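Chemist: need coordinates for the following:
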Amino acid sequence: MNGFDSWLANLRLKSAKKNIAILCLFALLSQLLLLTAATPEATAQSIGDDVMQNGGFEQTSGGKPLPWLAMGGWSNPEIQLSSSAARSGVYGIKIETAQTTNPWIAQDVIIEPGAVYDVSVWLKSQGVTGSVGVKFEYYKGQARTPANRLSQYDMQKNIPALDLTGNWQNLRFEVTIPQEAGLVLVYLRMYGTGSVYLDDASFTLQKHKPMIELKTDRIFYYSDAEEGRVEAAFNSPVSPLDQMHAEARIYRESTGVVIATYAHANASLPMIFPFDPTLMAKEEPYRVETRLLDLSNTVLETVTNVVYRIDRPTILRNDGTVMVDGKPFFPVAAYHVRQTDYPYLNEAGINTVQGIVTNNADALQSALDAAQQNGLKVMVPLYYNMKVKENAALTGQFVTRFKTHPAVLAWMIMDEPFSNGKTLEELAEAYRLIRSLDKTHPIYMVEALPPYYATTAKATDILVTDVYTIPYDPISLVGERTAMAKQAAGEKPVWNVLQAMYNPPNWPILPTIQKVRNAAYQSLLNGLQGVIRSMKIRFSCAIPSCGPRSSDSGRNWSCSAVL
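Modeler: Below is the predicted model:
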């Protein structure tokens with residue numbers, strides 16, 4: 001082969017390789033495009049859309065309902081796709097267990113941040129010892145990864161065993177999606193033992209993210225407060241916000257008399273304006289109204305909130321100190337102690353207890369009398385069956401009857417309200433009812449998660465945190481969360497429920513007295529004004545001075561001290 005032929009052959013070879021490379025590149029791009037096209041994308045959701053897939057469990061493959069997940073997989077004998085569990089159609093889900101494994105099924109649901117959804121599931125139970133309900137885990141974006149988990153917004157809504165009828169019943173509620181969330185893992189779950197049928201689940205869009213997000217720094221302004229603050233942020237899916245403006249006013253609901261107005265020129269910026277709450281008549285509802293308008297002054301949306309001016313509870317000083325018999329009182333309290341233990345609590349440094357949760361006035365009378373006889377004050381729970389608005393009549397009855405009982409220290413509206421699916425509206429209404437009946441005693445409420453501190457603080461006089469770190473988190477988190485709660489609560493006192501229990505499987509380690517003391521000192525250094533000990537089942541005495549007595553033979557006795 002001469003030089004020219006050799007050159008030509010090389011040229012043809014290079015050209016062929018180039019063509020092959022181009023073909024390979026084209027093939028690779030085609031595969032990538034196919035993969036991208038196969039990845040599910042969030043579509044625009046419309047009002048009334050059910051964004052849960054196969055909530056009736058009729059779409060199946062290999063005996064599994066698509067796209068549902070099951071605890072331990074669908075080979076788990078506690079969870080079955082079954083025709084006997086159907087409320088409608090052919091199939092439903094049967095969960096049955098004699099162990100406290102808390103079995104579940106779950107599904108990823110793509111959601112619209114800030115929107116409101118109607119959540120519904122039908123269930124029928126037999127012999128359930130705990131509860132049946134729904135749990136949410138939220139995630140940023142649309143990928144369920146550990147890095148995207150928004151664990152601070154976890155919540156659940158359950159029907160407790162006492163309310164399970166044995167017939168088909170509907171668990172239904174509204175949920176507002178956190179602004180950061182784009183996906184929620186929805187669990188349908190049984191807690192405890194027994195059996196339950198599940199069918200016809202749905203997750204339906206009710207309201208898009210509002211155009212106006214309105215809030216006030218308080219709902220109930222103490223009469224000595226001299227400044228309030230209104231804040232609003234705006235959202236528009238159709239028009240530029242800088243071409244919109246807003247107007248706000250505060251007026252007395254009964255008369256329409258306006259006490260404050262504000263004009264906001266550019267809706268692309270947040271609106272913040274102060275007002276003078278001393279202009280409000282006490283215990284009268286006032287409307288905080290904000291309107292969003294376009295360039296032609298057409299009102300696009302109007303939102304209102306209700307605020308009140310009230311006197312501070314008489315036993316709660318403006319520095320957060322609780323007064324008992326005219327003297328400062330620092331509560332060192334205990335949760336979950338039995339009435340039969342009341343005579344021994346003083347030896348452990350306890351002066352306050354969480355009262356019994358009951359709907360029986362005579363039982364509460366007996367418990368309060370026993371506390372008084374043993375020198376104990378009581379934080380009285382009003383959330384029988386973990387309910388608030390449903391207990392309005394019971395709350396009114398209990399507060400009216402027992403507000404003068406010398407053992408009463410405070411009223412407890414709810415435990416971890418937002419983690420248990422309560423709304424600010426029902427908490428505020430319960431607060432208003434209690435304070436209208438009892439001017440003396442403060443209201444007390446516990447919240448576990450920092451994103452809810454500021455909201456919970458609006459419907460209570462005392463904000464309480466419960467930060468259980470052992471064995472999962474560094475104990476320094478107790479002090480950090482106390483500081484966060486103090487900032488969220490403003491002028492209101494903060495108390496802490498300290499971890500002092502052994503209650504597996506969730507809390508498998510009994511904290512040492514050194515660790516409990518560490519948590520207490522952290523809390524005090526960060527502004528704590530009351531300390532409570534969470535003492536649950538199977539908790540043995542940690543203080544030598546309160547060792548077993550002859551009358552306590554064969555039982556673990558709940559007691560502890562901190563300082």
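
Chemist: which stretches in the stretch 251-400 of the chain count as helices?
Modeler: In the stretch 251-400 of the chain, the helices defined using DSSP state H, counting those that start in this stretch lie at 361-373, 392-402.

Chemist: report the longest strand in the protein, please.
Modeler: strand 194-207 (DSSP state E).

Chemist: which helices and strands does it pack with?
Modeler: strand 92-97, strand 116-126, strand 181-191 (3 or more C-beta pairs under 8 Å, 6 or more residues apart in numbering; DSSP states H and E). C-beta here means a position set from N, CA and C on the backbone, and glycine is covered the same way.

Chemist: please put the alpha-carbon coordinates of stretch 84-96 into CSV.
Modeler: Extracted in CSV, the C-alpha atoms of stretch 84-96 (Å, rounded to 0.1, in the frame of the first residue of the first chain):
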residue,chain,number,x,y,z
SER,A,84,-62.7,-9.5,54.2
ALA,A,85,-61.3,-6.0,55.0
ALA,A,86,-63.0,-4.2,52.2
ARG,A,87,-65.5,-1.4,53.0
SER,A,88,-66.0,-0.8,49.3
GLY,A,89,-64.7,-2.6,46.2
VAL,A,90,-62.9,-5.9,46.5
TYR,A,91,-60.0,-5.3,48.8
GLY,A,92,-59.0,-3.6,52.0
ILE,A,93,-56.1,-3.9,54.4
LYS,A,94,-56.2,-6.1,57.5
ILE,A,95,-53.7,-5.4,60.3
GLU,A,96,-53.6,-7.8,63.2
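
Chemist: ok, back up a step: can I get the helices and strands packed on strand 194-207 in a markdown table including mean neighbour count and distance to K422?
Modeler: Shown next, in a markdown table, are the helices and strands packed on strand 194-207 (neighbours: other C-beta atoms under 10 Å; distance: least, C-beta to C-beta, whole Å):
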| stretch | mean neighbour count | distance to K422 |
| --- | --- | --- |
| strand 92-97 | 22 | 26 |
| strand 116-126 | 20 | 14 |
| strand 181-191 | 22 | 18 |
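
Chemist: to P471, which of those strands lies closest?
Modeler: P471 sits nearest to strand 181-191 of all the helices and strands packed on strand 194-207, at 22.2 Å, using C-beta to C-beta.

Chemist: for the closest one, packing partners?
Modeler: With contacts taken as 3+ C-beta pairs under 8 Å, 6+ apart, strand 181-191 sits against strand 92-97, strand 104-110, strand 116-126, strand 131-140, strand 194-207.

Chemist: contacts for the second one, please.
Modeler: Judged by C-beta atoms under 8 Å, 6 or more residues apart in numbering, the contacts made with strand 104-110 from elsewhere in the structure are 42, 51-53, 67-71, 79, 93, 95, 135, 142, 144, 182-190, 198, 203.

Chemist: let me know the average pLDDT across the longest strand of the chain.
Modeler: Regarding strand 194-207, the rounded mean pLDDT is 97.

Chemist: could you give the angle of that strand to strand 131-140?
Modeler: With axes from the mean of the first three to the mean of the last three C-alpha atoms, to 10 degrees applied, the angle from strand 194-207 to strand 131-140 works out at 40 degrees.

Chemist: now the element after strand 194-207, going C-ward?
Modeler: Heading C-terminal from strand 194-207, the first helix or strand you meet, by DSSP states H and E, is strand 212-216.

Chemist: what about that following strand, average pLDDT?
Modeler: In the prediction, strand 212-216 has an average pLDDT of 96.

Chemist: now for that strand, which elements pack on it?
Modeler: Packed next to strand 212-216, using 3+ C-beta pairs under 8 Å, 6+ apart, are strand 228-234, strand 286-293, strand 299-310.

Chemist: ok, and what's touching stretch 171-183?
Modeler: 42, 108-123, 132-134, 136, 138-144, 148, 150, 153, 155, 157-159, 184, 206, 421, 451.

Chemist: pLDDT weak spots in the chain?
Modeler: 1-43, 533, 535-563 (pLDDT under 70).

Chemist: could you redo the last one with a cut-off of 50?
Modeler: Of all residues in the chain, those with pLDDT under 50 make up the ranges 1-41, 537-563.

Chemist: on that earlier part again, okay, buried residues for the longest strand of the chain please.
Modeler: G194, S195, V196, Y197, L198, D199, D200, A201, S202, F203, T204, L205 (16 or more other C-beta atoms under 10 Å).
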